[in-house]
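Undergrad: Sequence below, structure please.
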Amino acid sequence: MTDSAAIRPSWWYGLIGLVFALSGIGLFVFFIVTGILHLTDSLTQVIVPGQTELTLTQSGTYTIFLEENSVVNGRVYSATRSISGLQCSVLEEGTSAGEIPVRRASSSITYSVGGRSGRSVLEFPVTESGQYRFGCDYQEGAHGSEVVVAVGTGVGERIGKTVLRSLMAMFGGGALCAVVIVGLYFMRERSRKQLAVQENPPGNPIAHL
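TA: Below is the predicted model of the structure:
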(Lines give C-alpha, C1' and ligand atoms only; values in the text may rest on other atoms or scores of the structure.)
Protein backbone atom coordinates (compact mmCIF):
# COMPACT_ATOMS: atom_id res chain seq x y z
CA MET A 1 0.00 0.00 0.00
CA THR A 2 1.38 3.41 -0.99
CA ASP A 3 2.50 5.50 1.98
CA SER A 4 0.66 8.83 1.74
CA ALA A 5 3.59 10.50 3.50
CA ALA A 6 5.86 9.52 0.60
CA ILE A 7 3.67 11.19 -2.01
CA ARG A 8 5.23 14.42 -3.21
CA PRO A 9 4.76 17.33 -3.21
CA SER A 10 3.05 17.78 0.13
CA TRP A 11 -0.37 19.35 0.41
CA TRP A 12 1.34 21.99 2.52
CA TYR A 13 2.39 23.63 -0.75
CA GLY A 14 -1.26 24.51 -1.14
CA LEU A 15 -0.52 27.39 1.23
CA ILE A 16 1.09 29.11 -1.76
CA GLY A 17 -2.32 29.14 -3.40
CA LEU A 18 -3.82 30.54 -0.21
CA VAL A 19 -1.28 33.36 -0.32
CA PHE A 20 -2.36 34.18 -3.88
CA ALA A 21 -6.02 34.18 -2.87
CA LEU A 22 -5.44 36.41 0.15
CA SER A 23 -3.25 38.75 -1.93
CA GLY A 24 -6.06 39.07 -4.47
CA ILE A 25 -8.53 39.95 -1.72
CA GLY A 26 -6.08 42.44 -0.22
CA LEU A 27 -5.52 44.16 -3.56
CA PHE A 28 -9.28 44.22 -4.16
CA VAL A 29 -9.80 46.11 -0.90
CA PHE A 30 -6.80 48.39 -1.56
CA PHE A 31 -7.95 49.40 -5.05
CA ILE A 32 -11.53 49.98 -3.89
CA VAL A 33 -10.53 52.10 -0.89
CA THR A 34 -7.89 54.20 -2.67
CA GLY A 35 -10.14 54.63 -5.70
CA ILE A 36 -13.01 55.90 -3.57
CA LEU A 37 -10.82 58.19 -1.46
CA HIS A 38 -9.39 59.91 -4.56
CA LEU A 39 -12.56 59.86 -6.63
CA THR A 40 -13.33 63.55 -6.14
CA ASP A 41 -9.74 64.85 -6.27
CA SER A 42 -10.23 66.37 -9.72
CA LEU A 43 -13.52 68.09 -8.87
CA THR A 44 -13.64 71.81 -8.19
CA GLN A 45 -16.25 72.85 -5.63
CA VAL A 46 -18.20 76.07 -6.21
CA ILE A 47 -20.66 77.63 -3.78
CA VAL A 48 -23.68 78.87 -5.70
CA PRO A 49 -25.28 81.27 -6.32
CA GLY A 50 -21.83 82.47 -7.27
CA GLN A 51 -19.11 82.16 -9.87
CA THR A 52 -15.45 81.28 -10.18
CA GLU A 53 -12.67 80.96 -12.72
CA LEU A 54 -11.82 77.42 -13.78
CA THR A 55 -8.52 76.34 -15.32
CA LEU A 56 -9.48 73.39 -17.51
CA THR A 57 -6.39 71.52 -18.68
CA GLN A 58 -7.94 69.04 -21.09
CA SER A 59 -10.67 68.85 -23.66
CA GLY A 60 -13.72 66.66 -23.24
CA THR A 61 -17.07 66.69 -21.52
CA TYR A 62 -17.16 68.22 -18.06
CA THR A 63 -19.84 67.21 -15.59
CA ILE A 64 -21.54 69.46 -13.06
CA PHE A 65 -22.47 67.59 -9.89
CA LEU A 66 -24.96 68.81 -7.33
CA GLU A 67 -23.54 67.96 -3.92
CA GLU A 68 -26.47 67.08 -1.69
CA ASN A 69 -24.13 67.03 1.32
CA SER A 70 -20.84 68.86 1.40
CA VAL A 71 -18.38 70.74 3.58
CA VAL A 72 -16.47 73.79 2.28
CA ASN A 73 -14.12 75.76 4.55
CA GLY A 74 -15.63 74.11 7.59
CA ARG A 75 -19.20 75.03 6.69
CA VAL A 76 -21.79 72.32 6.05
CA TYR A 77 -24.00 72.65 2.99
CA SER A 78 -27.06 70.59 2.16
CA ALA A 79 -29.23 70.55 -0.96
CA THR A 80 -32.31 69.15 0.75
CA ARG A 81 -34.32 72.26 -0.10
CA SER A 82 -35.64 73.07 -3.56
CA ILE A 83 -33.14 74.46 -6.06
CA SER A 84 -35.73 74.96 -8.78
CA GLY A 85 -34.70 77.77 -11.09
CA LEU A 86 -30.95 77.37 -10.54
CA GLN A 87 -29.12 77.82 -13.85
CA CYS A 88 -25.42 77.44 -14.66
CA SER A 89 -23.35 79.05 -17.41
CA VAL A 90 -19.82 78.60 -18.75
CA LEU A 91 -17.90 81.27 -20.64
CA GLU A 92 -14.49 80.82 -22.26
CA GLU A 93 -12.37 83.84 -21.31
CA GLY A 94 -10.10 85.72 -23.69
CA THR A 95 -11.94 84.56 -26.82
CA SER A 96 -14.96 85.52 -28.84
CA ALA A 97 -16.42 82.02 -28.64
CA GLY A 98 -19.07 83.25 -26.27
CA GLU A 99 -21.07 81.13 -23.88
CA ILE A 100 -20.63 77.36 -23.96
CA PRO A 101 -23.88 75.39 -24.09
CA VAL A 102 -24.76 73.63 -20.83
CA ARG A 103 -27.07 70.62 -21.12
CA ARG A 104 -28.51 67.90 -18.93
CA ALA A 105 -26.04 65.18 -17.94
CA SER A 106 -26.09 62.33 -20.44
CA SER A 107 -25.27 59.73 -17.77
CA SER A 108 -26.23 59.26 -14.14
CA ILE A 109 -23.19 59.29 -11.85
CA THR A 110 -23.32 59.42 -8.08
CA TYR A 111 -20.65 59.42 -5.38
CA SER A 112 -20.45 59.46 -1.61
CA VAL A 113 -16.99 60.06 -0.18
CA GLY A 114 -15.88 61.42 3.18
CA GLY A 115 -19.04 63.32 4.01
CA ARG A 116 -19.55 64.47 0.41
CA SER A 117 -22.32 63.05 -1.75
CA GLY A 118 -23.23 64.23 -5.21
CA ARG A 119 -25.05 63.37 -8.40
CA SER A 120 -24.52 64.45 -11.98
CA VAL A 121 -27.04 67.06 -13.16
CA LEU A 122 -25.47 69.00 -16.04
CA GLU A 123 -22.55 68.83 -18.46
CA PHE A 124 -20.78 71.01 -21.02
CA PRO A 125 -18.21 70.38 -23.77
CA VAL A 126 -14.70 71.81 -23.79
CA THR A 127 -12.72 71.76 -27.03
CA GLU A 128 -9.45 73.19 -25.73
CA SER A 129 -7.71 73.92 -22.46
CA GLY A 130 -7.83 77.41 -21.00
CA GLN A 131 -9.54 79.73 -18.55
CA TYR A 132 -13.29 79.52 -18.17
CA ARG A 133 -15.75 81.54 -16.16
CA PHE A 134 -18.25 79.27 -14.44
CA GLY A 135 -21.24 80.40 -12.43
CA CYS A 136 -24.74 79.48 -11.30
CA ASP A 137 -27.61 81.67 -10.22
CA TYR A 138 -31.34 81.49 -9.71
CA GLN A 139 -33.63 82.75 -12.43
CA GLU A 140 -35.30 86.10 -11.93
CA GLY A 141 -38.13 85.64 -9.50
CA ALA A 142 -36.75 82.36 -8.14
CA HIS A 143 -35.17 82.04 -4.73
CA GLY A 144 -33.21 79.25 -3.11
CA SER A 145 -30.53 78.45 -0.58
CA GLU A 146 -26.79 78.29 -1.12
CA VAL A 147 -25.61 74.89 -2.32
CA VAL A 148 -22.38 73.39 -3.58
CA VAL A 149 -21.77 72.15 -7.10
CA ALA A 150 -18.62 70.34 -8.21
CA VAL A 151 -17.16 70.54 -11.71
CA GLY A 152 -14.82 68.01 -13.28
CA THR A 153 -14.28 65.31 -15.86
CA GLY A 154 -13.47 61.62 -15.86
CA VAL A 155 -15.32 60.67 -12.67
CA GLY A 156 -17.32 57.94 -14.40
CA GLU A 157 -14.17 56.56 -16.02
CA ARG A 158 -12.34 56.48 -12.68
CA ILE A 159 -15.23 54.59 -11.09
CA GLY A 160 -15.13 52.05 -13.93
CA LYS A 161 -11.35 51.64 -13.71
CA THR A 162 -11.48 51.22 -9.94
CA VAL A 163 -14.11 48.49 -10.19
CA LEU A 164 -12.26 46.76 -13.05
CA ARG A 165 -8.87 46.78 -11.30
CA SER A 166 -10.41 45.54 -8.07
CA LEU A 167 -12.24 42.66 -9.73
CA MET A 168 -9.17 41.72 -11.79
CA ALA A 169 -7.08 41.58 -8.62
CA MET A 170 -9.59 39.43 -6.75
CA PHE A 171 -10.33 37.01 -9.58
CA GLY A 172 -6.66 36.93 -10.58
CA GLY A 173 -5.68 35.86 -7.07
CA GLY A 174 -8.43 33.25 -7.06
CA ALA A 175 -7.36 31.92 -10.45
CA LEU A 176 -3.71 31.58 -9.36
CA CYS A 177 -4.87 29.80 -6.21
CA ALA A 178 -6.90 27.36 -8.33
CA VAL A 179 -3.90 26.75 -10.63
CA VAL A 180 -1.70 25.92 -7.63
CA ILE A 181 -4.26 23.53 -6.10
CA VAL A 182 -5.06 21.77 -9.39
CA GLY A 183 -1.38 21.52 -10.31
CA LEU A 184 -0.58 20.14 -6.88
CA TYR A 185 -3.34 17.54 -7.22
CA PHE A 186 -2.05 16.23 -10.56
CA MET A 187 1.57 16.19 -9.35
CA ARG A 188 0.54 14.14 -6.33
CA GLU A 189 -1.46 11.75 -8.52
CA ARG A 190 1.60 11.23 -10.73
CA SER A 191 3.74 10.65 -7.66
CA ARG A 192 1.18 8.16 -6.32
CA LYS A 193 1.27 6.17 -9.59
CA GLN A 194 5.08 6.14 -9.66
CA LEU A 195 5.22 4.79 -6.10
CA ALA A 196 2.66 2.13 -6.98
CA VAL A 197 4.80 0.99 -9.94
CA GLN A 198 7.91 0.88 -7.74
CA GLU A 199 6.14 -1.27 -5.17
CA ASN A 200 4.74 -3.62 -7.83
CA PRO A 201 7.08 -3.57 -10.86
CA PRO A 202 5.54 -4.87 -14.14
CA GLY A 203 5.99 -8.66 -14.56
CA ASN A 204 6.20 -9.34 -10.83
CA PRO A 205 3.24 -11.33 -9.51
CA ILE A 206 1.32 -9.73 -6.70
CA ALA A 207 1.36 -11.93 -3.63
CA HIS A 208 -1.99 -13.09 -2.37
CA LEU A 209 -2.73 -14.61 1.02
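Undergrad: Which elements pack onto the helix ranked longest in the chain?
TA: When the chain is scanned for its longest helix (criterion: DSSP state H), the result is helix 155-199. The contact analysis (3 or more CB pairs under 8 Å, 6 or more residues apart in numbering; DSSP states H and E) places helix 155-199 against helix 14-37, strand 60-72. Glycine gets a C-beta too; all of them are placed from N, C-alpha and C.
Undergrad: Now with 10 Å, please.
TA: Applying 3 or more CB pairs under 10 Å, 6 or more residues apart in numbering; DSSP states H and E, we find helix 155-199 packed against helix 14-37, strand 60-72, strand 110-113, strand 116-126.
Undergrad: Which residue comes closest to the most centrally placed residue in the chain once chain neighbours are left out?
TA: For the chain, the residue lying nearest the average C-alpha position, counting by CA atoms, centre = their mean, turns out to be Thr162 (2.1 Å). With sequence-adjacent residues excluded and distances taken as CB to CB, 6 or more residues apart in numbering, Thr162 is closest to Gly35, at 3.0 Å.
Undergrad: which residues does the one you found contact?
TA: 158-159, 161-163, 165-166 (CB atoms under 10 Å, 6 or more residues apart in numbering).
Undergrad: still on that earlier bit, so the residue nearest to the centre of the chain is in contact with Phe31, correct?
TA: Yes. Using CB atoms under 10 Å, Thr162 is in contact with Phe31, at 6.1 Å.
Undergrad: tell me the pLDDT at the residue nearest to Thr162?
TA: Confidence at Gly35, expressed as pLDDT, is 89.
Undergrad: distance of it from Ala6?
TA: Note on Gly35: its distance to Ala6, by CB to CB, to the nearest Å, is 49 Å.
Undergrad: Next, the spatially closest residue to Val48 that is not a sequence neighbour: secondary structure please.
TA: Of all residues not flanking Val48 in the chain, Cys136 sits nearest, at 3.7 Å (CB to CB, 6+ apart). What DSSP: H, G, I helix; E, B strand; the rest coil gives for Cys136 is strand.
Undergrad: Also the one 4 residues further on?
TA: Classification of Glu140 into helix, strand or coil gives coil, according to three-state DSSP.
Undergrad: Model confidence score at it, please.
TA: So, for Glu140, pLDDT stands at 76.
Undergrad: That one: how many residues sit nearby?
TA: Residues near Glu140, counting by other CB atoms under 10 Å, number 6.
Undergrad: Brilliant, that's me finished.
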